[in-house]
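S.K.: please work out how this folds:
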Amino acid sequence: MFSNKLLFAPSRFNTITSSMNNPQQPDPPKKRVVVCGGGIIGVCTAYFLSKKGAAVTLVEQSSIACAASGKAGGFLAFDWCDGGPVSSLARASFNLHRSLAQELDGVESYGYRPVNTLSLSVTESGKPNRKSTVPGWIDGPVKSPRTIGTIETTAQVHPQLFTRKLMEKAMAEYGVEVVIGKVKSVETGGGKVTALLEGGGVIDGDAVVLALGPWTSKFKLLESVVRVHGLKAHSVVLEPKDVDAISADALFLSYQPAHGGPPMDPEIYPRPTGEVYICGMSSQEEVPDDPEQIEPNPDSIRVLKRVAGTVSSHLGEESRVKAEQACFLPCTDDSVPVIGEIPGMAGCYVATGHSCWGILNGPATGAAVAELVMDGSSTIVDLTRFSPARFVRK
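M.R.: Coordinates of the predicted model:
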């Protein structure tokens with residue numbers, strides 16, 4: 001269970017360093033790092049920074065994993081990004097997820113498990129499936145089943161539970177402090193950084209990492225440097241009447257509605273809890289200032305419920321609705337995440353723009369940023385392609 005033992009923003013925060021047993025030779029001061037953002041990227045960054053010996057303060061305006069990191073599907077794929085700029089990041093992060101699951105007892109604590117993944121075509125007005133080539137619970141009008149991932153190459157986590165478990169570990173074992181507050185601005189100079197919070201809070205550090213997700217471009221410091229927009233994605237979580245009937249198969253659908261209209265690409269992820277997560281229906285909308293203000297569009301939710309009931313009778317009217325929700329995915333113009341030090345601002349780093357692959361790529365991003373901040377370069381992933389310098393106007 002995630003602990004809500006959080007530090008609220010003080011007037012000024014300073015890290016107190018410990019001393020060695022020999023008082024004549026005190027420990028060198030820990031590098032103080034402020035991480036802004038309590039989603040998967042910020043939490044992974046805080047975790048790996050603290051593991052490398054940094055004194056970390058994480059600032060989150062609402063609660064840990066309250067936005068996309070709490071409402072995502074949690075699907076992980078080893079090689080689906082191959083051939084593109086994110087390939088090395090995705091492969092490293094998939095393997096890191098496996099290691100973290102062993103370290104954190106992920107199977108029990110946040111539903112980590114390998115899954116088989118299928119691609120299916122669905123014609124809403126078609127005849128129910130009577131073939132044995134798909135799992136028995138998929139009894140709707142599906143055809144053209146194809147395996148696109150195996151238990152070696154695809155897996156899943158419950159994203160909110162994973163993010164909060166990692167935060168809990170970072171706090172309990174590595175001394176990460178969490179401050180609930182909204183960062184208004186960041187000042188740099190003289191090899192130091194200062195985070196100014198709304199309400200007058202001030203946090204000093206040696207470096208700052210801005211992991212603000214779709215709110216990146218709303219932060220004044222970044223609005224002219226990094227271009228990130230939000231894509232609104234919807235999801236529903238259902239609990240079937242017979243939870244034991246649902247197998248561990250992730251589904252990627254090509255879905256043709258009965259009354260015409262463009263085909264859709266919804267996704268269905270059964271979870272170890274017995275719940276089933278269905279997502280899709282993305283749209284371009286303005287990102288609200290507060291994540292608590294995000295509301296799903298009723299029409300999108302209705303469509304997702306209809307999709308679920310069409311694919312499987314287990315997900316029809318007898319299933320219990322556990323959640324109807326929406327979140328904003330942070331996207332960049334070139335579909336490549338932004339990870340690195342901001343040009344002209346020594347000690348100020350950014351990590352965002354992971355789109356639908358944020359949960360997958362969170363661990364490797366956090367580990368790479370930790371290396372960059374603490375060691376000056378990253379060995380786990382070459383971050384050159386992700387540098388924010390590509391957005392700076394020449």
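S.K.: count of neighbours near F252?
M.R.: F252 has 17 neighbouring residues, counting by other C-beta atoms under 10 Å. Quick note: C-beta positions are derived from backbone N, CA and C, even for glycine.
S.K.: domains in the protein, by residue range?
M.R.: 30-113+154-226+333-394, 116-150+230-331 (automatic domain parsing).
S.K.: return the most buried member of those.
M.R.: With neighbours defined as mean count of other C-beta atoms under 10 Å, these peak in mean count at domain 30-113+154-226+333-394, which reaches a mean of 21.
S.K.: where does the prediction get shaky in this protein?
M.R.: For the chain, residues meeting the criterion pLDDT under 70 lie at 1-26, 129-132, 393-394.
S.K.: can you give me the helices in it?
M.R.: Along the chain, the stretches classed as helices by DSSP state H are 40-51, 68-71, 87-103, 106-109, 159-174, 298-311, 358-375.
S.K.: now those in CSV, with distance to C331?
M.R.: Shown next, in CSV, are those (distance: least, C-beta to C-beta, whole Å):
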stretch, distance to C331
helix 40-51, 14
helix 68-71, 11
helix 87-103, 16
helix 106-109, 28
helix 159-174, 18
helix 298-311, 18
helix 358-375, 10
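S.K.: quick one, which of these is nearest to L196?
M.R.: helix 40-51 (17.9 Å; C-beta to C-beta).
S.K.: and the closest one, how far out from the chain middle?
M.R.: 12 Å (C-alpha atoms, centre = their mean, to the nearest Å).
S.K.: and the strands in the stretch 151-300 of the chain?
M.R.: With DSSP state E, counting those that start in this stretch applied, the stretch 151-300 of the chain shows strands at 154-156, 177-180, 183-189, 192-197, 202-205, 207-210, 228-239, 249-256, 267-270, 276-284, listed in chain order.
S.K.: for A65, find the nearest of those strands.
M.R.: Smallest distance to A65 across the strands of the stretch 151-300 of the chain (C-beta to C-beta): 12.1 Å, for strand 177-180.
S.K.: pull up the pairing partners for the closest one, direction included.
M.R.: Strand pairing for strand 177-180, determined by DSSP bridges: strand 7-8 (parallel), strand 55-60 (parallel).
S.K.: right, so of the strands of the stretch 151-300 of the chain, which gets closest to F391?
M.R.: Distance to F391, taken as C-beta to C-beta, is lowest for strand 228-239 among the strands of the stretch 151-300 of the chain, at 9.6 Å.
S.K.: helices and strands around the closest one, which ones?
M.R.: Counting by 3 or more C-beta pairs under 8 Å, 6 or more residues apart in numbering; DSSP states H and E, the packing neighbours recorded for strand 228-239 are strand 276-284, helix 298-311, strand 320-332.
S.K.: using a markdown table, please lay out these together with distance to D206.
M.R.: Shown next, in a markdown table, are the helices and strands packed on strand 228-239 (distance: least, C-beta to C-beta, whole Å):
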| stretch | distance to D206 |
| --- | --- |
| strand 276-284 | 38 |
| helix 298-311 | 44 |
| strand 320-332 | 26 |
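S.K.: among these, which comes closest to L222?
M.R.: That would be strand 320-332 among these, by C-beta to C-beta, at 11.8 Å.
S.K.: now distance to S319 too, for the strands paired with strand 177-180, in a markdown table please.
M.R.: Below are the strands paired with strand 177-180 laid out as a markdown table (distance: least, C-beta to C-beta, whole Å):
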| stretch | distance to S319 |
| --- | --- |
| strand 7-8 | 40 |
| strand 55-60 | 33 |
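S.K.: against V392, how distant is A92?
M.R.: Taking C-beta to C-beta, to the nearest Å as the measure, A92 falls 26 Å from V392.
S.K.: residue contacts, the residue nearest to L315 when sequence neighbours are not counted?
M.R.: Spatially, and ignoring its direct neighbours in sequence, L315 is nearest to A308 (3.9 Å; C-beta to C-beta, 6 or more residues apart in numbering). Neighbour list for A308: V236, L238, I268, V276, I278, L315, G316, S319 [criterion: C-beta atoms under 8 Å, 6 or more residues apart in numbering].
S.K.: ok, so of those residues, who is nearest E108?
M.R.: V276 (20.0 Å).
S.K.: check the spacing between the closest one and I246 real quick.
M.R.: 6 Å.
S.K.: so what sits against both of the two?
M.R.: With C-beta under 8 Å, 6+ apart, V276 and I246 have common neighbours P240, P270.
S.K.: now G362. Nearest residue, chain neighbours left out?
M.R.: Excluding its sequence neighbours, the residue lying closest to G362 (C-beta to C-beta, 6+ apart) is I40, at 3.8 Å.
S.K.: hang on, the one you found packs against H158?
M.R.: No: in this structure, I40 is not within contact of H158 by C-beta atoms under 8 Å, at 12.0 Å.
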